[in-house]
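Asker: the sequence and its predicted three-dimensional model are supplied below.
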Amino acid sequence: NAGVTQTPKFRVLKTGQSMTLLCAQDMNHEYMYWYRQDPGMGLRLIHYSVGEGTTAKGEVPDGYNVSRLKKQNFLLGLESAAPSQTSVYFCASNTGTRQYFGAGTRLSVL
Amino acid sequence: SQELEQSPQSLIVQEGKNLTINCTSSKTLYGLYWYKQKYGEGLIFLMMLQKGGEEKSHEKITAKLDEKKQQSSLHITASQPSHAGIYLCGAAASGGYQKVTFGTGTKLQVIP
């Protein structure tokens, strides 16, 4: 039982490049989330999903897209990366009584 | 949208002292989570509160949700250097656990 797994762990992009962050959970959770954490700050919700095939916008969705084609996977895409998207990205899944978090992805956009 | 405000934003305490961190919501909370994060690392689940007036403890950390379910406090007794880190409250608004947002975080330093 791996919990929530994020790939990659680190990535450096140039402005304008695209990439996809993958989140996988093996706990059969319905709810999944993508957050970003900027230095010295709390977590801000980017997008979330309440089940396979569904997605919804969070607090800071601009510049990101998501997909939940399979229940266990939640993908976060950056179509044209900008320096403002330099951050640590956390994925989570939820049972209701607890949010389970991945280890995070450190993304730098130069 | 729901906003969670934490206070203080940062705190420096002497080892052995007690401290309290507050988390205030603009809306009634459906569920309130507390997490701890060591600098540069992932999030550690502390506890979850759901009922008004509920209080839970985890080692020397106690959290309470007020009766109106719009504020939670986290209290650390006899702080230790191992308590240092960022404390985050997260909450689901009324209606379910679909959308979970987090507060701004409180940085805690414990001086030996």
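Answerer: Looks like it arrived, so ask away.

Asker: and the gap between residue B:84 and residue A:39?
Answerer: To residue A:39, residue B:84 is 17 Å away according to Cβ to Cβ, to the nearest Å. C-beta: built from backbone N, CA, C; applies to glycine.

Asker: swap in residue A:27?
Answerer: From residue A:27 to residue A:39 the distance is 30 Å (Cβ to Cβ).

Asker: just checking, what packs against the least confident helix or strand in chain A by mean pLDDT?
Answerer: Averaged element by element with mean pLDDT, DSSP states H and E, chain A has its least confident helix or strand at strand A:99-101 (a mean of 90). Packing partners of strand A:99-101 (3 or more Cβ pairs under 8 Å, 6 or more residues apart in numbering or on different chains; DSSP states H and E): strand A:87-94, strand B:29-37, strand B:43-49.

Asker: in chain A, which spans are strands?
Answerer: Using DSSP state E, the strands of chain A run over A:4-7, A:10-13, A:19-25, A:31-37, A:43-49, A:56-57, A:65-67, A:73-78, A:87-94, A:99-101, A:105-109.

Asker: and the fourth one, what does it pack onto?
Answerer: Other helices and strands packing on strand A:31-37, by 3+ Cβ pairs under 8 Å, 6+ apart, are strand A:19-25, strand A:43-49, strand A:73-78, strand A:87-94, strand B:100-102.

Asker: tabulate those in CSV, adding columns for mean neighbour count.
Answerer: Listed next are the helices and strands packed on strand A:31-37 as CSV, based on neighbours: other Cβ atoms under 10 Å in any protein chain shown:
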stretch, mean neighbour count
strand A:19-25, 19
strand A:43-49, 23
strand A:73-78, 20
strand A:87-94, 24
strand B:100-102, 25
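
Asker: got any ranges where chain A has weak pLDDT?
Answerer: Scanning chain A for pLDDT under 70 picks out A:1, A:40.

Asker: and the residue nearest to residue A:97 when sequence neighbours are not counted, how many neighbours?
Answerer: Using Cβ to Cβ, 6 or more residues apart in numbering or on different chains and skipping residues adjacent in sequence, the residue nearest residue A:97 is residue B:48, 5.5 Å away. Neighbours of residue B:48 under the rule other Cβ atoms under 10 Å in any protein chain shown: 22.
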